[in-house]
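Engineer: Show me the folded form of this:
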Amino acid sequence: MAQAAQAQDATQKAYDTVIGLEVHVQLMTKTKAFSACATSFGAEENEFICPVSFGLPGSLPVLNKRVVEMAILLGKATGCTINHESVLARKNYFYPDLPKGYQISQYDKPICEHGTLPILLDGEVKNIGITRIHIEEDAGKSMHGGGGSLIDFNRAGTPLLEIVSEPVIRSADEATAYLKVMRQLVRTLGVSDGNMEEGSFRCDANVSVRPTQNDPFGTRTELKNINSFRFISRAIEYEADRQWDALQHGEKIVQETRLYDAEKGRTYSMRSKEEAHDYRYFPDPDLLPLVIDDAMIKDVTADMPELPWQRRERFESAFGLSTYDAEVLTADDTLAAYYEAVVTDGIDAKTVANWVTSELLGALNQRGWDMSQNPIGADRLQGLLKLLAADKITGKIAKEVFAKMFETDDAPDKIVASMGVEQINDEGAVEAIVAQVIAENPGQVEQFKGGKDKLFGFFVGQVMKVSRGQANPQLTQEILRRKLAE
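Structural biologist: Down below sits the predicted model:
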């Protein structure tokens, strides 16, 4: 088995994987990209449709200004150049859920170009190049089953931003890190809710392999519409291995679109991959070129929020946190705000980080909850940590109180009082317990004095047992050392 694993490792390291990602972000606008028709997930099928969405004769598209503003916001956040003039084009193809027979998109003149997104991987920052961000509209949704197919056109015309990365991503882990930061960014900016399950954040991955980084790019395949980070990672790894194995057997890689079967853990062919000329792009004759001036860009970005990587750097410098802790705490906006609320009022920042990342996130994950379901407000966790810092309770008792805080709205000091577990800090009281433990364990005392130093932990445990975990740990150890040395 070990030899097989080593052989697999060697195979994986024997080639260079080239990955480019196309992320489709559904925007949180009240109306569609080119009409006043409402957007709403979960509505009754075909409830939000209109002549413009269907491209009916006589209907004319009108660009939603909010879509442009969101594109500018995301473009500036990723350091893109905002083009003062861009063009909306028709992308022509035929599919049942595309009622007009074309999709309004952008081609050679997108709204945003040449940006970067910083990701953190293994403690190192890498800037992933962004080729372009462009505006387009979504298609409808096909539903198959029951011996036929049905189409819901509610999604048709919903505004999207497509973010196209440079082909500089070299592993599934890098791809996943990029996607996580991008999703957090669009949420931070209020551009999208980033919900992958509902299709608000979708990814197509272009994957190819080559023997070394110095060789030309290989033929790429496109992995289409994968809706979870775990599946994206697995799909990329499988596809890269599949391509390399095919090349080693003299097979030719075909440029095509492939789907990922999560149950079987493999990709399979969907259709041949179209080139740009297959879509017959041309400027939409019903829409004028989009002209943006500096005043609009300045106005849209005036209230730019703190970006995820800026917040991570601030947590490291302001709170003295490790890069790892800062990354965990800033991975979610709600979590980051919660941490900052707890860490105020003089509580040690590292202590708060440990409790939030270990105890709180651990308890939430155990229940399958996220931060929106967190029952412990920042003020209550802060109150618990103040009791701990003041030596009113031990660390062991603090964890028991924390567990009860999930079950009740009571303040931590009230829970401590009801449990009768306040820490014993009186030296005389602790000394009496130590004396009792020593008197009850003469054999262990003799062995300890004979050189079995490891028994010290036994005595500490016995004191904690007798005191029901309430004896001050530091004071306990000091008194035990003194008494056992007599």
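Engineer: got the phi/psi numbers for the residue lying closest to N195 once chain neighbours are set aside?
Structural biologist: Nearest residue to N195, sequence neighbours excluded (CB to CB, 6 or more residues apart in numbering): F201, at 6.6 Å. (C-beta placed from N, C-alpha, C; glycine too.) Note on F201: its backbone torsions stand at phi -140, psi 110 [degrees, to the nearest 10].
Engineer: hang on, isn't H24 packed against R202?
Structural biologist: Yes. Using CB atoms under 8 Å, H24 is in contact with R202, at 4.5 Å.
Engineer: Spit out the contact partners of F34.
Structural biologist: 52, 61-64, 104, 137, 157, 287 (CB atoms under 8 Å, 6 or more residues apart in numbering).
Engineer: so how far is the helix ranked longest in the chain off the chain centroid?
Structural biologist: For the chain, the longest helix by residue count, based on DSSP state H, is helix 229-248. Averaging C-alpha positions (CA atoms, centre = their mean, to the nearest Å) puts helix 229-248 22 Å from its chain's average.
Engineer: What are the contacting residues of that helix?
Structural biologist: The contact list for helix 229-248 (CB under 8 Å, 6+ apart) reads 11-12, 14-15, 17, 19, 172-173, 175-176, 179-180, 196, 203, 205, 207-209, 218, 221, 223, 226, 252-253, 258, 260, 262, 265-267.
Engineer: And the helices in the stretch 301-450 of the chain?
Structural biologist: Assigned by DSSP state H, counting those that start in this stretch, the helices in the stretch 301-450 of the chain fall at 308-319, 323-329, 333-343, 349-354, 361-367, 378-389, 395-405, 412-419, 427-440, 442-449.
Engineer: per-residue confidence at the closest residue to T212 other than its chain neighbours?
Structural biologist: Using CB to CB, 6+ apart and skipping residues adjacent in sequence, the residue nearest T212 is D16, 5.8 Å away. pLDDT recorded at D16 is 93.
Engineer: what packs against whichever strand or helix holds E22?
Structural biologist: E22 belongs to strand 16-26 when elements are defined using DSSP states H and E. Counting contacts by 3 or more CB pairs under 8 Å, 6 or more residues apart in numbering; DSSP states H and E, strand 16-26 packs against strand 159-165, helix 172-189, strand 201-210, helix 229-248.
Engineer: Quick check: mean pLDDT of the second one?
Structural biologist: Along helix 172-189, the predicted local confidence has a mean pLDDT of 96.
Engineer: Pull the distance from the helix or strand M296 falls within to the chain's centre.
Structural biologist: Element membership for M296, per DSSP H and E: helix 294-300. Relative to the chain's own centre, helix 294-300 is displaced by 30 Å; criterion: CA atoms, centre = their mean.
Engineer: other SSEs contacting it?
Structural biologist: helix 65-77.
Engineer: quick one on the thing from earlier: and the contacts of helix 229-248, which of them are buried?
Structural biologist: Buried by 16 or more other CB atoms under 10 Å: 15, 17, 19, 172, 175-176, 179-180, 196, 203, 205, 207-209, 218, 221, 223, 226, 253, 258, 260, 267, out of the contacts of helix 229-248.
Engineer: All the strands of the stretch 51-200 of the chain, in order from the start?
Structural biologist: Taking DSSP state E, counting those that start in this stretch to define them, one finds strands in the stretch 51-200 of the chain at 81-82, 85-86, 89-92, 102-105, 112-121, 124-137, 141-145, 148-152, 159-165.
Engineer: and those strands as TSV, adding mean neighbour count?
Structural biologist: Below are the strands of the stretch 51-200 of the chain laid out as TSV (neighbours: other CB atoms under 10 Å):
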stretch	mean neighbour count
strand 81-82	16
strand 85-86	16
strand 89-92	20
strand 102-105	20
strand 112-121	19
strand 124-137	20
strand 141-145	11
strand 148-152	13
strand 159-165	23
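Engineer: Least confident of these, on average?
Structural biologist: Among the strands of the stretch 51-200 of the chain, strand 141-145 scores lowest, with a mean of 83.
Engineer: quick one: contacts of it?
Structural biologist: 96-97, 149-152, 154-155, 199.
Engineer: for stretch 394-412, same thing?
Structural biologist: So stretch 394-412 is contacted by 355, 359, 363, 375-376, 380-381, 383-385, 387-388, 393, 415-416, 418-419, 421, 423, 464, 469-473 (CB under 8 Å, 6+ apart).
Engineer: Equivalent analysis for stretch 318-330, please.
Structural biologist: Contacts for stretch 318-330 (CB under 8 Å, 6+ apart): 120, 123, 308, 311-313, 315-316, 335-336, 339, 343, 349-350, 353, 356-357, 361.
Engineer: now the end-to-end length of it.
Structural biologist: By CA to CA, to the nearest Å, the extent of stretch 318-330 from end to end equals 13 Å.
Engineer: Same question for stretch 189-197.
Structural biologist: 20 Å.
Engineer: shift numbering so it begins at 57
Structural biologist: All set: I'll call the first residue 57, so the last point we hit is now stretch 245-253.
Engineer: Same question for that stretch: list its buried residues.
Structural biologist: Across stretch 245-253, burial judged by 16+ other CB under 10 Å covers 245, 247-250, 252.
Engineer: What number of residues are in the vicinity of the residue lying closest to D404 once chain neighbours are set aside?
Structural biologist: Using CB to CB, 6+ apart and skipping the chain neighbours, the partner closest in space to D404 is A445 (7.2 Å). A445 sits with 13 neighbouring residues when counted by other CB atoms under 10 Å.
Engineer: residue contacts, A445?
Structural biologist: 403-404, 407.
Engineer: shaky segments in this structure?
Structural biologist: 57-69, 329-332, 477-479 (pLDDT under 70).
Engineer: Centre-most residue in it?
Structural biologist: Centroid-nearest residue in the chain: K236, 3.9 Å away (criterion: CA atoms, centre = their mean).
Engineer: Where do the domain boundaries of the protein fall?
Structural biologist: Under the assignment automatic domain parsing, the domains of the chain span 67-356, 364-475, 483-540.
Engineer: Quick one: end-to-end length of the shortest one, please.
Structural biologist: Its first and final residues considered, domain 483-540 spans 16 Å by CA to CA.
Engineer: Then the second one?
Structural biologist: Across domain 364-475, the terminal residues are separated by 41 Å (CA to CA).
Engineer: if we can go back for a sec, tabulate the strands of the stretch 107-256 of the chain (CSV), appending distance to K455.
Structural biologist: CSV is the format used below for those (distance: least, CB to CB, whole Å):
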stretch, distance to K455
strand 137-138, 51
strand 141-142, 56
strand 145-148, 57
strand 158-161, 54
strand 168-177, 30
strand 180-193, 34
strand 197-201, 47
strand 204-208, 49
strand 215-221, 43
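Engineer: about what we covered before: wait, what's in contact with the residue nearest to T268?
Structural biologist: By CB under 8 Å, 6+ apart, the contact set of D72 is 226, 265-269, 271.
Engineer: Dig out what it forms beta bridges with.
Structural biologist: R266 (DSSP bridges).
Engineer: mind checking how far it is from P107?
Structural biologist: D72 is 50 Å from P107, where distance means CB to CB, to the nearest Å.
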